[in-house]
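1. A structural model of the following input is requested.
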Amino acid sequence: MTSRISVLCIDALEPRVVADFWCRVLDWRIREEADGGITIGPSDPALPGIDVFPVPERKTLKNRLHLDLRADGSTTEEELRRLLELGATRVDVGQPPDVTWTVLADPEGNEFCLLQRTVQDL
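-> Predicted coordinates for the structure are as follows:
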């Protein structure tokens with residue numbers, strides 16, 4: 001027997017802002033809202049989702065866990081432009097200048113990476 005990832009959790013001062021951002025990035029939908037938290041995920045409820053829960057404190061340190069994304073159906077450059085238009089920002093977490101990924105943050109500063117190779121390149 002093994003365990004299976006059910007959901008990832010993101011803390012947020014404004015859960016709606018963060019949940020809406022990730023829904024647009026991933027083309028997901030809101031699955032449930034309860035007790036101030038919002039669960040988002042793909043249309044298949046058997047696949048893992050993301051819980052966004054309210055916390056009173058602002059994020060101050062680099063994430064110890066983050067998401068890595070790949071462009072799917074577009075180029076990496078097009079996807080980077082789209083993510084920035086959705087509200088992502090470029091961030092420096094100490095990565096060398098010649099890395100093959102771009103480090104970004106969601107509207108509350110949670111880091112994630114856009115990898116160079118697209119889904120179609122794999």
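
2. Surely Leu67 and Leu115 touch.
-> No - between Leu67 and Leu115 there is no contact under CB atoms under 8 Å: 10.5 Å. Heads up, the C-betas are built off the backbone N, CA and C, glycines and all.

3. which stretches of the protein form helices?
-> Counting by DSSP state H, the chain has helices at residues 15-26, 76-86.

4. Adding mean pLDDT and distance to Gly94 as columns, could you present the ones you listed in JSON lines?
-> Formatted as JSON lines, the helices of the chain follow (pLDDT from 0 to 100; distance: least, CB to CB, whole Å):
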{"stretch": "helix 15-26", "mean pLDDT": "98", "distance to Gly94": "24"}
{"stretch": "helix 76-86", "mean pLDDT": "98", "distance to Gly94": "20"}
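
5. Comparing those helices, which stretch has the densest surroundings?
-> Among the helices of the chain, the stretch with the highest mean neighbour count (mean count of other CB atoms under 10 Å) is helix 15-26, at a mean of 19.

6. With distance to Thr39 as added columns, please give the helices of the chain in a markdown table.
-> Output for these, formatted as a markdown table (distance: least, CB to CB, whole Å):
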| stretch | distance to Thr39 |
| --- | --- |
| helix 15-26 | 8 |
| helix 76-86 | 20 |
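
7. mind checking which of these is nearest Asn110?
-> Asn110 lies closest to helix 15-26 among these, at 7.4 Å (CB to CB).
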